[in-house]
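>>> Here you go, sequence then predicted model.
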Amino acid sequence: MTHILLIEDDPAVRRGVTLGLRRRGHETEAVGTGEDGLEALAACPPDIVLLDLMLPGMSGLEVCRRIRETSQVPIVILSARGDDVDVVVGLEAGADDYIVKPASDEVIEARMRAVMRRLAPSQPDPAAGSERTTYADLEIDRAALRVRKRGEDLTLAPSELKLLLFLSAWPDQTFSRQQLLEQVWEHSYYGDARLVDACVMRLRAKTEDDPRRPRYIQTVRGFGYRFGPL
């Protein structure tokens with residue numbers, strides 16, 4: 001049974017999503033403010049967080065940022081705001097996926113399951129070497145799902161970890177945004193390539209000394225991304 005924390009201020013939406021998830025066998029705790037959400041997360045850490053952006057008091061973006069300071073719990077934004085700017089800002093705050101409301105129970109569950117599968121070890125190319133690999137000052141341990149920089153553990157969101165594991169398993173091979181979207185996020189909805197760009201930006205901020213001059217995830221202009229020096 002999946003333990004879900006829903007942070008949503010609209011009582012009707014909160015009730016509808018909760019009932020739909022519970023009918024599908026999920027244990028769901030629902031709260032109406034960001035402050036209550038952070039308290040609930042600390043008291044009983046969930047398997048995944050569904051987070052609205054438009055909350056009273058502390059905004060959903062601030063909640064997302066605070067969670068990401070200490071936790072790798074998967075976060076899916078569930079918001080009525082679907083403009084490109086809103087989606088990108090939400091993803092840059094640390095969310096793993098973004099669902100525009102209204103959304104059916106089937107869509108919400110499918111996207112949650114896809115996010116949670118990112119916590120499972122990736123299947124690297126057999127030629128990629130051992131499960132623990134060092135690239136310059138970055139150490140990637142596939143078995144432990146751990147990434148270290150100069151010996152210090154990095155706190156990565158599930159999508160960040162899965163993307164890094166996937167790209168590093170195929171060094172020097174270039175993948176388009178669409179290929180990465182299908183491999184890492186497991187869906188290909190229109191416009192969702194921005195998930196990839198936002199995730200790369202967050203990864204660079206955490207793994208690079210100078211994100212403007214990346215040494216790990218390289219941009220191949222006009223196509224996509226690759227792992228390793230050009």
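Everything's here; your move.

>>> could you point out which element follows the helix or strand of the chain with the lowest mean pLDDT?
One helix or strand of the chain scores below all others by mean pLDDT, DSSP states H and E: helix 84-92, with a mean of 79. Heading C-terminal from helix 84-92, the first helix or strand you meet, by DSSP states H and E, is strand 97-100.

>>> My guess is residue 162 contacts residue 181. True?
No - if you go by C-beta atoms under 8 Å, residue 162 and residue 181 don't touch, sitting 11.8 Å apart. Where you see a C-beta, it was placed from the backbone N, CA and C, and this is true even at glycine.

>>> More neighbours: which of these two?
Comparing residue 162 with residue 181 by other C-beta atoms under 10 Å, the one with more neighbours is residue 162, at 26 against 20.

>>> Tell me where the model's unsure across the chain.
118-130, 187-191, 229-230 (pLDDT under 70).

>>> biggest helix in it by residues?
When the chain is parsed with DSSP state H, its longest helix is helix 193-207.

>>> what's it in contact with?
84, 87-88, 91-92, 94, 97-98, 138, 147, 149, 154-157, 159-160, 163-164, 177-178, 180-181, 184-185, 211, 214, 216-217, 219, 224-225 (C-beta atoms under 8 Å, 6 or more residues apart in numbering).

>>> what do you get for stretch 5-13?
Contacts to stretch 5-13, defined as C-beta under 8 Å, 6+ apart, come from residues 14, 17-18, 21, 28-34, 36-37, 40-41, 46, 48-52, 54-56, 60, 63, 78, 101.

>>> Can you flag the buried ones in the residues you listed?
Buried members of the contacts of stretch 5-13, scored by 16 or more other C-beta atoms under 10 Å, are 14, 17-18, 21, 28-34, 36-37, 40-41, 46, 48-52, 55, 60, 63, 78, 101.

>>> Closest to the mean position in this protein, which residue would that be?
Among the residues of the chain, the one closest to the centroid is residue 96, at 2.2 Å (C-alpha atoms, centre = their mean).

>>> Just to check, that residue is in contact with residue 159?
Yes - with contact defined as C-beta under 8 Å, residue 96 and residue 159 form a contacting pair (4.2 Å).

>>> which residues touch stretch 219-226?
Counting by C-beta under 8 Å, 6+ apart, 167, 171-177, 179-180, 196, 200, 217-218 sit against stretch 219-226.

>>> Which of the residues you listed ranks first by neighbour count?
residue 167 (26 neighbours).

>>> Surely that residue and residue 218 touch.
No - counting by C-beta under 8 Å, residue 167 stays clear of residue 218, with 9.5 Å between them.

>>> who touches both of these two?
Common neighbours of residue 167 and residue 218 (C-beta under 8 Å, 6+ apart) are 225, 226, 227.
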